[in-house]
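Student: sequence isn't available, so here's the structure alone:
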């Protein structure tokens, strides 16, 4: 793990306004790291509506199991997130640790255990000593402040080289609401010390069912369209909370996700999710370049996404990008192996604005110099036209560098 | 591309006996390389039975299309293989190049175009100048010799660091037959300069239909169970030829793959295919370690294979192996993301003979020292017990090193 910040890091961070109804505090509980914060507490003084999307792994962490169970209640009062230990593959001890943490949080905040949500990121298979939370959560509840987003983002970092924050505002029926989010992640997951976690809070008054639809729909083209290394965490967690404080400004509660009053909110939320997801890719382990792979003309949007992920996850495409090599033959290979319908002789490929292949062969006016110039950029767009239908998708990834191998080969030691 | 031989290369090469009925010659046609052979011609003086298995890519190379078409005839008289240019994604020019090559070969050998088989490996998207074959194939036909297997294996190398040869013998109805094979490949495919090609010849008298069944069945646990980087070539080709020369020793022709007379032959063939496939993995680009991933107790053999490939293709598992890190948490992650049924709390994992995880958590008697000692070996066995059924599979891979990134990032330039 090099200590340097990703060259793709944002040049500046968003100024994060407070979101009415949520307070936060961080602490150094000494779970694994020394001299840094490793616990985040979010407190909702009034019950907040909650929605969540979790890893599809068949081996989810204990906190993921715990959140899935509480999500049915639709109400959140507290969120506890720790870095340094994922509490994953920890058997009965892991379940006991989530229960003890939730117990401590419920006592500190004064809510039921069913209103507590948890997330952990860090080493897999190491028992998590939840007694470390008991000592800090009570003080954290008292100290928690509303203008603490940047510090919150820092407390949940693992191999991240920068904190990830984003904010948007929108109007619902003429009333302005705020949406703030934080995220962490540096591999699409390196379960030993990464994982994708994200927590988004709005002061809008939206019912849990509608919130869940908004979040689930928003995840597809954002967090579920980014990949660093094709490896999926046991702990991936994305949660959206609505504190409903905007009701005091006269915002009428929204209970149906299809309500046109949500149009502006949906757009702002999706934009924020995309911003956070791209910040995760741009902090991909060892990343030097960001790649957007757009697939058009596939049989369906789903087919386009699968072809896009086949290109974005191909080690040979990713090493070519790292080497600034306009190696479009590897894109052909990745399209061909995706399993989705493709017709070699209809395929066209662009690197940036340079068409490199068309009608099943190298572009007649192919210029190695022009294609190579595109590859020297920091942000690279690869576009593939399949020529079969109208399915379309864009996925995002980064290059595969020696530093990725170094970070993940030397990690635990 | 470093010039050094893989540390996992065989300590010695098999002595390859002649196989009656096939002669070979190599030549330097100057397709891409200088000062080395780059064309192989195999001649069957009597019509040989032929079977083939090809890439599943939707963007196959022109020679793959050509072979698939001729395979229906079931008869081979000539095989032309070149390295340096894959004749893939070359459009109409590519098809014309296969036709011209086959024409040259048919004239040189004196057979029909439908009895010629072709394979090309090398750069994608670069038109192949097939006129270079016309000048050499006639002389090659004259010179072709039966004791030329090692030279044949050398002529088809690209990023391979050693030639891959294997030989077995078996009895069919009391008559001894020989099986010889050569292979090339150093990524499960790096389409810009690798690809998996393999040609196997026996003097047994076996009809094409039976030969195809034997080959298709034999491919599953061998060539289709190895992966270097999860990338599938546009050009992968595995062919099996039977010259029928053993008929002269009284071997009775076999026309049915289920004939018990083939039991010994089938075992010998599968053993040879496995040997060649493992030689390909051991020459994986940048490989320092070979990994056998065995999955047991899955819902089905297919589920076991998919879980095994999920582990074997995981960049995080492969970098951990490169770093000699007994990071079993990443194996949990890879099992979880495979999409196949798994129950976290029944999972057990072994590195070599060391059980590192059981019943959904770290083994109570886990020893980091013992697990780390396993990781220092050159050959590493990872075993996963799913605990749900009786499905079983073993897949083979290599580690992911900085050298892989270097080879594939600097390749074309």
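Tutor: Here it is on my side, so go on. Here the structure is a predicted model, which means the values were calculated and not measured. Residues are numbered from 1 along each chain as shown, chains lettered A, B, ... in the order given.
Student: grab the nearest non-local neighbour of residue A:177.
Tutor: Take residue A:177 and drop its neighbours on the chain: the residue closest to it by Cβ to Cβ, 6 or more residues apart in numbering or on different chains is residue A:204, 4.1 Å away. (C-beta placed from N, C-alpha, C; glycine too.)
Student: can you tell me the SS state at the one you found?
Tutor: Taking DSSP: H, G, I helix; E, B strand; the rest coil as the rule, one finds residue A:204 in the coil state.
Student: residues contacting the residue located most distally from the centre of chain A?
Tutor: Of all residues in chain A, residue A:364 has its C-alpha farthest from the mean position, at 40.7 Å, by Cα atoms, centre = their mean. Contact partners of residue A:364, counting by Cβ atoms under 8 Å, 6 or more residues apart in numbering or on different chains, are residue A:358.
Student: which strand or helix spans it?
Tutor: In the assignment (DSSP states H and E), residue A:364 maps to no helix and no strand.
Student: tell me the SS of the closest residue to residue A:42 other than its chain neighbours?
Tutor: With sequence-adjacent residues excluded and distances taken as Cβ to Cβ, 6+ apart, residue A:42 is closest to residue A:79, at 4.0 Å. When the structure is reduced to helix, strand and coil (three-state DSSP), residue A:79 reads as strand.
Student: so what's residue A:79 up against?
Tutor: Residues in contact with residue A:79 (Cβ under 8 Å, 6+ apart) are A:40-42, A:116-119, A:199, A:239, A:241.
Student: for it, which residues make a bridge with it?
Tutor: Following DSSP bridges, residue A:79 is listed with bridge partners residue A:42, residue A:117.
Student: and it, how far from residue A:48?
Tutor: In this structure, residue A:79 lies at 9 Å from residue A:48, with Cβ to Cβ, to the nearest Å as the measure.
Student: also residue A:156?
Tutor: Using Cβ to Cβ, which is the criterion applied here, residue A:156 is 19 Å from residue A:48.
Student: run a quick neighbour tally on the nearest residue to residue A:231 once chain neighbours are set aside.
Tutor: Counting by Cβ to Cβ, 6+ apart, residue A:231 lies nearest to residue B:316, which is 4.9 Å off, once chain neighbours are set aside. The criterion is other Cβ atoms under 10 Å in any protein chain shown. On that basis, residue B:316 has 28 neighbouring residues.
Student: contacting residues around the helix or strand where residue B:316 lies?
Tutor: Counting by DSSP H and E, the element that carries residue B:316 is helix B:315-322. Taking contacts as Cβ under 8 Å, 6+ apart, the residues outside helix B:315-322 that touch it are A:187, A:190-192, A:229-231, A:315, A:400, A:404-405, A:408-409, A:411-412, B:288-289, B:291, B:311-312, B:326-327, B:330-331, B:333-334, B:375, B:380, B:382, B:397-401.
Student: so that helix versus helix A:315-322, what angle?
Tutor: Taking axes from the mean of the first three to the mean of the last three Cα atoms, to 10 degrees, one finds helix B:315-322 and helix A:315-322 inclined to each other by 80 degrees.
Student: and the next helix or strand past helix B:315-322?
Tutor: Counting by DSSP H and E, the element after helix B:315-322 in chain order, helix or strand, is helix B:328-337.
Student: ok, whichever helix or strand comes after that next one near chain A or not?
Tutor: Downstream of helix B:328-337, the next assigned helix or strand under DSSP H and E is strand B:348-351. No. With Cβ under 8 Å from any Cβ of the partner chain as the threshold, strand B:348-351 lies outside contact range of chain A, at a closest distance of 9.5 Å.
Student: how far does strand B:348-351 sit from the chain's center?
Tutor: On the basis of Cα atoms, centre = their mean, to the nearest Å, strand B:348-351 sits 28 Å off its chain's mean C-alpha point.
Student: pLDDT of that strand, averaged?
Tutor: Mean pLDDT, strand B:348-351: 97.
Student: before we move on, what about stretch A:312-323?
Tutor: Along stretch A:312-323, the predicted confidence averages to a pLDDT of 93.
Student: ok now it, how far from the chain's centre?
Tutor: Relative to its parent chain, stretch A:312-323 has a centroid offset of 22 Å by Cα atoms, centre = their mean.
Student: cool, and stretch A:294-310?
Tutor: For stretch A:294-310, the distance from its own C-alpha centre to the chain's C-alpha centre is 21 Å (Cα atoms, centre = their mean).
Student: what's the end-to-end length of that stretch?
Tutor: According to Cα to Cα, to the nearest Å, stretch A:294-310 extends 12 Å from its N-terminal end residue to its C-terminal end residue.
Student: next: stretch A:320-335.
Tutor: Distances were taken as Cα to Cα; on that basis the terminal residues of stretch A:320-335 are 16 Å apart.
Student: and what of stretch A:244-252?
Tutor: First residue to last in stretch A:244-252 (Cα to Cα) measures 10 Å.
Student: what segments of the stretch 251-400 of chain A are strands?
Tutor: In the stretch 251-400 of chain A, strands defined by DSSP state E, counting those that start in this stretch lie at A:290-298, A:348-351, A:354-358, A:361-362, A:379-385, A:391-398, listed in chain order.
Student: what sits in contact with each of residue A:79 and residue A:48?
Tutor: Both residue A:79 and residue A:48 are in contact with residue A:241, where contact means Cβ under 8 Å, 6+ apart.
Student: and residue A:24, bridged to which residues?
Tutor: According to DSSP bridges, the partner residues bridging residue A:24 are residue A:42, residue A:145.
Student: out of the strands of the stretch 251-400 of chain A, which comes closest to chain B?
Tutor: Of all the strands of the stretch 251-400 of chain A, the one in closest proximity to chain B, counting by Cβ to the nearest Cβ, is strand A:361-362 (3.2 Å).
Student: name the residues that touch the closest one?
Tutor: Around strand A:361-362, the neighbours that count as contacts under Cβ under 8 Å, 6+ apart are A:328, A:356, B:89-94, B:125-127.
Student: out of these, list just those in strands.
Tutor: Judged by DSSP state E, strands contain the following of the contacts of strand A:361-362: residue A:356.
Student: ChimeraX command for the buried members of the contacts of strand A:361-362?
Tutor: ChimeraX command restricting the contacts of strand A:361-362 to the buried ones, with burial defined by 16 or more other Cβ atoms under 10 Å in any protein chain shown:
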select /A:328,356 /B:89,90,91,93,94,125,126
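Student: narrow the contacts of strand A:361-362 to those in helices?
Tutor: Restricting the contacts of strand A:361-362 to those inside helices, with DSSP state H as the criterion, leaves A:328, B:91-94.
Student: now the terminal residues of stretch A:148-162, how far apart.
Tutor: Across stretch A:148-162, the terminal residues are separated by 16 Å (Cα to Cα).
Student: tell me what the lowest-mean-pLDDT helix or strand in chain A is packed against?
Tutor: Per-element confidence for chain A was summarised using mean pLDDT, DSSP states H and E. The lowest value among helices and strands belongs to helix A:402-409, with a mean of 87. Counting contacts by 3 or more Cβ pairs under 8 Å, 6 or more residues apart in numbering or on different chains; DSSP states H and E, the secondary-structure elements packed against helix A:402-409 are helix B:315-322, helix B:402-409.
Student: looking at those helices, spot the one closest to residue B:131.
Tutor: Closest approach to residue B:131 among the helices and strands packed on helix A:402-409 is made by helix B:402-409 (31.2 Å; Cβ to Cβ).
Student: which parts of the closest one are buried?
Tutor: The neighbour-count check on helix B:402-409 (16+ other Cβ under 10 Å) flags B:402-409 as buried.
Student: ok, so of those residues, who is nearest residue B:151?
Tutor: Distance to residue B:151, by Cβ to Cβ, is smallest for residue B:407 among those, at 25.2 Å.
Student: surely that closest one and residue B:285 touch.
Tutor: Yes. Under the criterion of Cβ atoms under 8 Å, residue B:407 makes contact with residue B:285 at 4.7 Å.
Student: distance between the ends of stretch A:23-35?
Tutor: Between the start and the finish of stretch A:23-35 there is a gap of 23 Å, counting by Cα to Cα.
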